[in-house]
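sequence first, predicted model second:
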Amino acid sequence: MTNPVISIICPVYNEEHYLDKVLRFVTTASPSNKEIIFIDGMSKDRTVEILKKWQTSNPEIRIISNPQRTVPFALNLAIPVCTGQYIVRLDAHTDYAEDYFEQILKTFDTTDADIVGGPTRTASNSPFQEAVAYIFNTPLGMGDGSVHNTTFEGYTDSVTFGSWKRSIFEKTGLFDVKQKRNQDDEFHYRARSLGFKIYQNPDIKLFYYPRNTVSGLFKQYYDYGLYKPMVLRKIKSGIRLRHIVPSLFVLYLIACILIPGWVSKFPLLIYLALCAFFAIKSAKSIKLMFLVFIAYLTVHIGYGLGFLLGLRKLL
């Protein structure tokens, strides 16, 4: 096979329930001239068995073992062996439009970007996922980040997952293995600080499934907050107000507990009213409005608490 146009890399761990869908997509989607690399984090289910079954009829599939298990280690194992001009990272828990790769290549061809990607569109299989998907697309939920603006097109500071010119890694280096979360943000902030351009195109369509439980969502955003200070200490140009506000909110909640009187609670009432307003604005059922309200609290408190403890770890 001639050198592929794109190299597709996908970290996996215990993905037996999702693999067939993503394998069907990557093996049939254009262009045909591509290599496909799955990096397995020592799965304990049928993940590797399924990959090997597909590999028998799709020789472009390659399987790499990742004893360290985490995503940045997986990416760092795959990137050096990629031979395509462009490297596209996939996630097994995400759905992709049929023309996903074609739109990526088109964006590279029509811009001077070094990294391209689409916004985070959301999909759901449950009422709670539907609620979380809703808050992802509101300013109260995720702030002013362009990655959650499904209509924004232009140069930005990060994109969902990302597709990269293979050549940029000679200057940027690989992913920071200390970043168990936020490794994409850290790498993209670092790339921008070195002069590389990142472009978001809403025609690059992917659909991410949020966490399906309150505890799962809280842990996810707690972890995001926990590792974010480490990212921002390395790449100070990546600091945004939306990174700081949730931690200030958590400090305020602690103050509300310690300081008696209704005056100190007034900002909290405004915040709760805003959550209620956006929940009602969703025009969903009473149950889903309640779940939207809970999702706001879960994301804000989880991220804010994690960020504060992440700052403490840096001291």
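Here it is on my side, so go on.

give me the number of residues near residue 129?
Residue 129 has 20 neighbours, counted by other Cβ atoms under 10 Å. (Each C-beta comes from the backbone N, C-alpha and C, glycine too.)

what sits against it?
122, 123, 209, 210, 211, 212 (Cβ atoms under 8 Å, 6 or more residues apart in numbering).

from these, which would you call buried?
122, 209, 210, 211 (16 or more other Cβ atoms under 10 Å).

phi first, then psi, for the third one.
The phi/psi pair for residue 210 (degrees, to the nearest 10) reads phi -70, psi 170.

now it, nearest residue through space, not along the chain?
residue 132 (3.9 Å; Cβ to Cβ, 6 or more residues apart in numbering).

what separation do you get for the one you found and residue 214?
10 Å (Cβ to Cβ, to the nearest Å).

these two: which has the busier surroundings?
Of the pair residue 132 and residue 214, residue 132 is the one with more neighbours under other Cβ under 10 Å, namely 28 against 16.

quick one: buried residues of stretch 32-51?
In stretch 32-51, counting by 16+ other Cβ under 10 Å, buried: 34-41, 43, 47-48, 50-51.

ah, wrong one, I meant stretch 4-22
Buried residues in stretch 4-22 (16+ other Cβ under 10 Å): 4-13, 15-16, 18-19, 22.

now swap in stretch 192-200 and tell me
So, applying 16+ other Cβ under 10 Å, buried residues of stretch 192-200: 192, 196, 198, 199, 200.

which of the residues you listed fall in strands?
198, 199, 200 (DSSP state E).

check what pLDDT residue 238 gets.
According to the prediction, residue 238 has pLDDT 59.

let me redo that: residue 308
At residue 308, the pLDDT recorded in the model is 93.

tell me how this protein divides into domains.
1-92, 232-314 (automatic domain parsing).

most tightly surrounded among these?
Highest mean neighbour count among those (mean count of other Cβ atoms under 10 Å): domain 1-92, with a mean of 18.

which residues in the stretch 201-315 of the chain form strands?
Here the stretch 201-315 of the chain has its strands, by DSSP state E, counting those that start in this stretch, at 206-208.

give me the below-cutoff pLDDT ranges for this structure.
1-2, 143-144, 234-239, 241, 261-263, 314-315 (pLDDT under 70).

returning to that earlier point: in CSV: the ones in strands among the buried residues of stretch 192-200, plus distance to residue 167.
Below are these laid out as CSV (distance: Cβ to Cβ, whole Å):
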residue, distance to residue 167
198, 15
199, 16
200, 21
